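Asker: give the three-dimensional model of this entry:
(4 chains)
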Protein chains: 2
Amino acid sequence: MNLPIGELSRRTGVKVPTIRFYEQIGLLSAPPRTEGNQRRYGKPEVERLNFIRHSRELGFEVEDIRELLEMAASPQASCHQADSIARNHLTEIDRRIASLTALRGELTRMVEECGHGRICDCRIIEVLADHGECVTEHTH
Amino acid sequence: MNLPIGELSRRTGVKVPTIRFYEQIGLLSAPPRTEGNQRRYGKPEVERLNFIRHSRELGFEVEDIRELLEMAASPQASCHQADSIARNHLTEIDRRIASLTALRGELTRMVEECGHGRICDCRIIEVLADHGECVTEHTH
DNA sequence: TCTAGGACCTCTAGCCACTAGAGGATCAAG
DNA sequence: CTTGATCCTCTAGTGGCTAGAGGTCCTAGA
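Answerer: Numbers count the residues shown, from 1 in each chain, chains lettered A, B, ... in the order given. As a prediction, this is how the structure comes out:
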């Protein structure tokens, strides 16, 4: 268990430059180095990085992850805060889904009404030029 | 109709620095200036900027908008390309909605299973640490 | 023991679509 | 002629990486 950065990358699915980037912003702490100045990682780093990757996949922002990692480090504390971060994130996702669904509606309508003729008759261009043509508000 | 940039901003809902930014990247052409070097806009710019803003609201990227604007300028051409840009965008939106919906599922499950106790029992932290706990793939 | 080439290092710059702020000039009303 | 709102340019920052230059290290095979 004395992994070079490429091996850590393979085991976690996080790209090498991204790992270095996470170290730079303090999401991962600086690991020990070989005499030749190369990073060597152990099992805790694999787990921590998996946690980070998974959180990112679930759409959490780096600042949220920072807090979640801190919490994970003090297992006796209340999970109230973790709950609140996750709930806020969920609300945000709902907001985004709603907004994209509204967009989807407008776009579908635009595309379906397009007669595939000339630009001057095209509903796509027409609708883009005039928000009044829209059924929903889609300010995001 | 000899509007300063602030008035153009008010009429289109696009912020002043953003208008200057659009000029810089060539989405808007450089307008005439007063003797004192201030920009003055006319009606065509109001329309063009409304088109841009609306397209952005509908989630089109700047490069797409550039093409759409070019098309709008040649009304006799076929609208095939506009159609294709819009369809591609629609596909992308569908992809995003699907991905967010999967996330939503996982997050909801996480939050619902959280017993609001201590971190060491918290499902949120647990799930984040282990993708194996997830029902869906959510690599985006 | 030498060597090849893959993996590693740091550093800077770029991506997208803006946004913020400094420091100064101009405009229009009173 | 003054005031203060608006305008100007320029640089740098946002988030979360990604790309590339130019160099060093490690390790397996000859």
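Asker: show the contacting residues for A:Met1.
Answerer: With contact set as Cβ atoms under 8 Å, 6 or more residues apart in numbering or on different chains, A:Met1 has these partners: A:42-43. For the C-beta atoms, the positions are set from N, CA and C on the backbone; glycine is no exception.
Asker: again, but for A:Arg39
Answerer: A:4-5, A:31-33.
Asker: which parts of chain A sit against DNA strand C?
Answerer: Neighbours of DNA strand C within chain A, by Cβ under 7 Å from any atom of the strand: A:4-7, A:9, A:16-17, A:20, A:33, A:37-39.
Asker: flag the shaky bits of chain A, pLDDT-wise.
Answerer: Applying pLDDT under 70 to chain A flags the ranges A:139-140.
Asker: span of stretch A:111-127 from start to end?
Answerer: One end of stretch A:111-127 sits 10 Å from the other (Cα to Cα, to the nearest Å).
Asker: quick one: it near chain B?
Answerer: Yes: residues of stretch A:111-127 are located near chain B by Cβ under 8 Å from any Cβ of the partner chain, namely A:111, A:114, A:116-122, A:124-125, A:127.
Asker: need the max-distance pair from those residues.
Answerer: Using Cβ to Cβ, the residues of stretch A:111-127 next to chain B span at most 17.7 Å, a distance reached by A:Val111 and A:Cys120.
Asker: of those two, who's got more company?
Answerer: Neighbour totals were compared for A:Val111 and A:Cys120, and A:Val111 leads with 17 against 13 (other Cβ atoms under 10 Å in any protein chain shown).
Asker: the more buried one sits in which helix or strand?
Answerer: Using DSSP states H and E, A:Val111 falls within helix A:80-113.
Asker: for the helix or strand just after that helix, the distance to its chain's centre please.
Answerer: Using DSSP H and E, the next helix or strand after helix A:80-113 towards the C-terminus is helix A:123-129. A distance of 32 Å separates the C-alpha centroid of helix A:123-129 from that of its chain, computed with Cα atoms, centre = their mean, to the nearest Å.
Asker: can you count the residues close to the closest residue to A:His131 other than its chain neighbours?
Answerer: Nearest residue to A:His131 in three dimensions, chain neighbours excluded: B:His54, at 5.0 Å (Cβ to Cβ, 6 or more residues apart in numbering or on different chains). Applying other Cβ under 10 Å, we find 23 residues neighbouring B:His54.
Asker: B:His54 and A:Gly132 touch, don't they?
Answerer: No: using Cβ atoms under 8 Å as the test, B:His54 is too far from A:Gly132 to be in contact (9.8 Å).
Asker: pull out the buried members of the residues of stretch A:111-127 next to chain B.
Answerer: Buried subset of the residues of stretch A:111-127 next to chain B (neighbour count, 16 or more other Cβ atoms under 10 Å in any protein chain shown): A:111, A:114, A:119, A:122, A:124-125, A:127.
Asker: on that earlier part again, please, a PyMOL command that selects the buried ones among the residues of chain A next to DNA strand C?
Answerer: Selection of the buried residues among the residues of chain A next to DNA strand C in PyMOL, burial being defined by 16+ other Cβ under 10 Å:
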select buried, chain A and resi 5+9+39
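Asker: before I go, just wanted to say thanks for your time.
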